[in-house]
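S.K.: here is my input, please return the structure:
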Amino acid sequence: MLRVGSKAACMACRNLVSTNMGVRFRVPLQKLHPLSRAIHHRYSGNANPQRPPHRSAARYFTSMSRLPMRPPKPPPGSGGRGHQQQRNFWVARLAARLLKLRYLLLGSAVGGGYTAKKTYDEWKDMLPDFSEYNWVIPDFVWELSEHIDLDKLAKALPEIEEIAKLLPDLDKIGENFTFLKSLLSSETTGDPPLKATDSSASATQEGNDKQYKKGLLGELILIQQQIQRHEEEVRRAAAANSARPPPPEPAPSPPPNPSPPQQKRKSSDKERLDQLQEELLRTQLKYQRMLERLEKENKELRKVVLQKDDKGIHRRKVKKSLIDLYSEVLDILSDYDANYNTQDHLPRVVVVGDQSAGKTSVLEMIAQARIFPRGSGEMMTRSPVKVTLSEGPHHVAMFKDSGREFDLTKEEDLAALRHEIELRMRKSVKEGQTVSCETISLSVKGPGIQRMVLVDLPGVISTVTAGMASDTKETIFKISKAYMQNPNAIILCIQDGSVDAERSIVTDLVSQMDPQGKRTIFVLTKVDLAEKNLASPNRIQQIVEGKLFPMKALGYFAVVTGKGSSSESIDSIKDYEEDFFQNSRLLKDGMLKAHQVTTKNLSLAVSDCFWKMVRESVEQQADVFKASRFNLETEWKNKYPRLRELDRNELFEKAKNEILDEVISLSQVTPQHWESILQKKMWERVSTHVIENIYLPAAQTMDSGTFNTTVDIKLKQWTDKQLPHKALEVAWETLQEEFARFMAEYKGKDQDDIFDKLKEAVKDESIKRHKWNERAMDSLRVIQHNALEDRSITDKPQWDAAIQFMEETLQSRLRDTESVIKDMVGPGWRQRWMNWTNRTPDQHIRNETKNELERLLKLHDEHTAYLANDEVTTVRKNLEGRAVEVDPVLIKDTWHQLYRRHFLQKALSHCNLCKRGFYYYQRHFVDSELECNDVVLFWRIQRMLVITGNTLRQQLTNTEVRRLEKNVKEVLDDFGEDLEKKTHLITGRRVQLAEDLKKVREIQEKLEAFIEALHKEK
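M.R.: Predicted coordinates:
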């Protein structure tokens, strides 16, 4: 910043302000509006001994400072005096005159040069330092000198007439400034205390109107001087009243009435004090309106610049703003599970307050849009909402994980945005909970919005009401403390001014987290209701001065956020707030200062504090993450030196490709392999039913006709009800087993065991979702029925194959039956002697029963499958004679297994006889005692298995494998979108270490980019 030296005087201010005003600038700089600070000049204490020196620090100049006044031109003929004509000695007089003219010219040249140099130095000292306003100019302007040849660009520039069309309408702006000047001059004319100042400056102003088309700085300086003069007069009047000695104490007799001159003097002093306060307030309001008008004009001009900037050549290189870079870092940190004691200490503004205290309304006023869902007394903020505020040409909002832009100037987009925020909040809340700690990230851009990052937290409650989870109060306290314990977080404490201060909970919570108040800003909302309801307005003054609460704060603000209607617009709320404070006794009586009111001043203060905290702490946090990155990289090199650093998402993509390759491998299975597996599994599934429910009952008949009739009936019932379902179950199980087999075989080829859990989950979920085509069952039923209806064996190899199939089946059943009988009767005598084992009492009884039933079968070789009651009684009596008590049920169970073994042995003998019976079969067993109808049955079953296997194989390879592949893809896509599922299925220190490395690197890179941009902005 260029400053005025201690021995130099501001010529512009001396010309504007008369020397007899006696103005002393005693207002503290920090209590003035930022623009009012910028227009202060530093007066010299040595240039004018009668004028008291300036008592505040050196002030900054603004870009609107007056140019130095031109020195008045000397009147014509001021170079020398006139001389009378002399007739004599004209040669001598001519020589003397020429010599005198030379000295005059020399002196004039020297004096003019000195004066010009002095004027140039004064003008140069008065020029402002525009480095403070570098943020106004887009970033690409500073890059022009680095990347663009300005000489070539100057030659390629269009004519001045074309450029003039792109510039803003300066005439219109001049008219606005002229209107503002006329308004101020008209108002100033009606104020008696200001007439002297206006009249003293009017001559100078009128003389320089032609030279300065924009005389706005002079008006601002005059108003500022008036404010300071009024404050000084009010202070002197108050000091005079306090310094006047009190009247003597009255005697016991009635006090004498004060004299009329004393009463008149007191009343005049009081009236004078009130008048000065009114004039001070009125002048401050004029000054505030002028500043607002200037800011509005500046906002429009910046909007035009930003819109043209969007269309500029730098669009080829997209460059993010400073606040967007910082917001990205915070987004990454919100999802980062810090290890190695790495904590997020980056600054952000944390908005806390009691429920329904108006904290969301304050945030909306700062964002200049009604963006949050609203409710009357109901908890609306159910999760933290991070709002990134930045400046842009259009007023829009956008979520970090969505590309949709919400136009905040349109009511339908505002309603959609509020609805989307409410949906995201409810979605983030888990079942059985009321609030969530999951952060919703939102960015808001618009002209004139202060750049900062705010986090709106759920309101603090004192009681859990119906419909809330029992731990809601503790959860809200936990979330609030987690954000406030950050030593670099700025706490924006919101207090409801319409309720008793003693009922507030949040002030105690904030005092615990920031006892010294070094990073707390206190905001009192609903001041209009507080002034209306409170009997003593001094209570509001105590609150904003920090005397009512034990809580300390950096600053105290009082705001009004509307009349409580959800349909109010931001502009109407601003107008209502301004009107309220203009007419409020709180300002008129001096209980509140002008810089402590309105959300506009609040947003300026919060933004300044935020960026100050950012500049002080961001480099330290970058060093912390740099150290964390080094630790993580060292651990990876020591534990996994030969593996790439793949995070969870990259590992999931790798596993996804492997699983899809395994599914595709199913299509490479040969038809013979499919059919052999299907036939084998199909017979294992239906063999018991065929033997027990079809073959054995039919074999009990006496002739071949009855046998064939029984077989046909039972096969028809079986085909209609059970066989197609069993076949489809077998096919589905076969497909699953082959899928699992290919996964197991692929695992042996350098497979990473970190995918085992994921592959198993994908397989189970895909099988669960897969549904077999129901239409295939009907067609399969018809095919199986037709296969079982056919009895014609065409050649000897088919007959031999049926004999072999029957023989293998009967031998397998006989082995199973022998094993069951062995378990029933226990070990034989050889095993008992060799292994030193004994039979149990039950096995002993069953062994005796078996021996008795075997004697019965030897006597009756053609016995039926069931024992008669008298036969059961006979067996029981015989066993009782040998002192063996046996139950009739046990006798029947033992008989069933013995007769089964007896029948299977006879069937195997009959099967051996039928090996030579194909000739008799071709003659339909005419003139032959050999009947092989059971061989024909097994041939029908075998043919049905072959045809069913072929049909299922075609359906598997043509339809079901592709449908399974589709299901696997859907499951993988669903798992890929479910972060919780991926975290559960892909686990281990290796995964977590890679995740941490990726996050820390990304955070460090973002922080370094942000720090670099921050230094450039400085």
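S.K.: tally up the residues packed near the closest residue to residue 832 other than its chain neighbours, please.
M.R.: Among residues not flanking residue 832 along the chain, residue 838 sits closest, at 6.3 Å (C-beta to C-beta, 6 or more residues apart in numbering). All C-beta spots, glycine's among them, are computed from the backbone N, C-alpha and C. Number of residues near residue 838 (other C-beta atoms under 10 Å) recorded here: 10.
S.K.: how about stretch 923-942 as PDB, C-alpha atoms only?
M.R.: C-alpha atoms of stretch 923-942 as PDB (Å, rounded to 0.1, in the frame of the first residue of the first chain):
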ATOM      1  CA  ARG A 923     -40.600-112.300 -30.800                       C
ATOM      2  CA  HIS A 924     -42.500-110.700 -27.900                       C
ATOM      3  CA  PHE A 925     -41.500-113.700 -25.700                       C
ATOM      4  CA  VAL A 926     -43.800-116.100 -27.500                       C
ATOM      5  CA  ASP A 927     -43.200-119.700 -26.700                       C
ATOM      6  CA  SER A 928     -40.700-118.800 -24.100                       C
ATOM      7  CA  GLU A 929     -40.700-119.000 -20.300                       C
ATOM      8  CA  LEU A 930     -38.200-116.100 -20.100                       C
ATOM      9  CA  GLU A 931     -39.800-112.700 -19.600                       C
ATOM     10  CA  CYS A 932     -37.500-109.600 -19.500                       C
ATOM     11  CA  ASN A 933     -40.000-106.800 -19.000                       C
ATOM     12  CA  ASP A 934     -37.800-105.300 -16.200                       C
ATOM     13  CA  VAL A 935     -35.000-104.900 -18.800                       C
ATOM     14  CA  VAL A 936     -37.400-102.900 -21.100                       C
ATOM     15  CA  LEU A 937     -38.300-100.700 -18.100                       C
ATOM     16  CA  PHE A 938     -34.700 -99.800 -17.400                       C
ATOM     17  CA  TRP A 939     -34.200 -99.200 -21.100                       C
ATOM     18  CA  ARG A 940     -37.000 -96.700 -21.100                       C
ATOM     19  CA  ILE A 941     -35.600 -95.000 -18.100                       C
ATOM     20  CA  GLN A 942     -32.200 -94.900 -19.600                       C
END
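S.K.: how much space between residue 578 and residue 773?
M.R.: For residue 578, the distance to residue 773 equals 73 Å [C-beta to C-beta, to the nearest Å].
S.K.: who has more neighbours, the two?
M.R.: The neighbour count for residue 578 versus residue 773, taken as other C-beta under 10 Å, is higher for residue 578 (18 against 12).
S.K.: contacts only, for that one.
M.R.: Residues in contact with residue 578 (C-beta atoms under 8 Å, 6 or more residues apart in numbering) are residue 598.
S.K.: so it is in which element?
M.R.: Residue 578 belongs to helix 570-583 when elements are defined using DSSP states H and E.
S.K.: so what does the following helix or strand past that helix touch, helix or strand wise?
M.R.: Scanning forward in sequence from helix 570-583 by DSSP H and E, the next helix or strand is helix 585-588. If you count contacts as 3 or more C-beta pairs under 8 Å, 6 or more residues apart in numbering; DSSP states H and E, helix 585-588 packs onto helix 260-310, helix 527-533.
S.K.: out of those helices, which gets the lowest mean score?
M.R.: Among the helices and strands packed on helix 585-588, helix 260-310 carries the lowest mean pLDDT, at a mean of 63.
S.K.: okay, now the domains of the chain?
M.R.: The chain is divided into the following domains under the TED database: 348-597, 663-976.
S.K.: let me have the ones you listed in CSV, extended by distance to residue 649.
M.R.: Below are those laid out as CSV (distance: least, C-beta to C-beta, whole Å):
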stretch, distance to residue 649
domain 348-597, 15
domain 663-976, 8
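S.K.: most tightly packed of these?
M.R.: Across the domains of the chain, the average number of neighbours (mean count of other C-beta atoms under 10 Å) peaks for domain 348-597, which reaches a mean of 18.
S.K.: follow-up on the earlier one: mind checking the SS state of the residue nearest to residue 832?
M.R.: When classified by DSSP: H, G, I helix; E, B strand; the rest coil, residue 838 comes out as coil.
S.K.: got it, and residue 521?
M.R.: Look at residue 521: counting by three-state DSSP, its state is strand.
S.K.: who's in contact with it?
M.R.: Here residue 521 is in contact with 490-493, 553-557, 602, 605-606, 609 (C-beta under 8 Å, 6+ apart).
S.K.: quick one: which of these sit in strands?
M.R.: In this view, the contacts of residue 521 that belong to strands under DSSP state E are 490-493, 555-557.
S.K.: what's the residue nearest to residue 832 sitting at in phi/psi?
M.R.: Dihedral angles of residue 838 (phi, psi; degrees, to the nearest 10) stand at phi -130, psi 160.
S.K.: does it touch residue 828 like I think?
M.R.: No - the criterion here is C-beta atoms under 8 Å, and residue 838 misses it with residue 828 at 11.9 Å.
S.K.: I'd assumed residue 453 was in contact with residue 385.
M.R.: No - at 11.4 Å, residue 385 does not count as touching residue 453 under the criterion of C-beta under 8 Å.
S.K.: quick one: the strands in this protein?
M.R.: Counting by DSSP E, the chain has strands at residues 349-353, 385-391, 396-399, 406-407, 440-446, 452-456, 490-496, 520-525, 555-558.
S.K.: and those strands as JSON lines, adding mean pLDDT?
M.R.: What follows is those, written out as JSON lines (pLDDT from 0 to 100):
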{"stretch": "strand 349-353", "mean pLDDT": "92"}
{"stretch": "strand 385-391", "mean pLDDT": "87"}
{"stretch": "strand 396-399", "mean pLDDT": "90"}
{"stretch": "strand 406-407", "mean pLDDT": "90"}
{"stretch": "strand 440-446", "mean pLDDT": "89"}
{"stretch": "strand 452-456", "mean pLDDT": "90"}
{"stretch": "strand 490-496", "mean pLDDT": "90"}
{"stretch": "strand 520-525", "mean pLDDT": "91"}
{"stretch": "strand 555-558", "mean pLDDT": "90"}
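S.K.: nearest to residue 881, of the ones you listed?
M.R.: strand 440-446 (90.4 Å; C-beta to C-beta).
S.K.: who touches both of residue 838 and residue 828?
M.R.: With contacts defined as C-beta under 8 Å, 6+ apart, no residue is shared by residue 838 and residue 828.
S.K.: circling back: now the strands of the chain in a markdown table, with distance to residue 682?
M.R.: Output for the strands of the chain, formatted as a markdown table (distance: least, C-beta to C-beta, whole Å):
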| stretch | distance to residue 682 |
| --- | --- |
| strand 349-353 | 68 |
| strand 385-391 | 61 |
| strand 396-399 | 56 |
| strand 406-407 | 61 |
| strand 440-446 | 56 |
| strand 452-456 | 65 |
| strand 490-496 | 73 |
| strand 520-525 | 78 |
| strand 555-558 | 82 |
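S.K.: among those strands, which is nearest residue 1011?
M.R.: Of all these, it is strand 452-456 that lies closest to residue 1011, at 16.0 Å by C-beta to C-beta.
S.K.: does anything pack onto the closest one? Which helices or strands?
M.R.: Judged by 3+ C-beta pairs under 8 Å, 6+ apart, strand 452-456 is in contact with helix 322-334, strand 349-353, helix 359-367, strand 385-391, helix 599-639.
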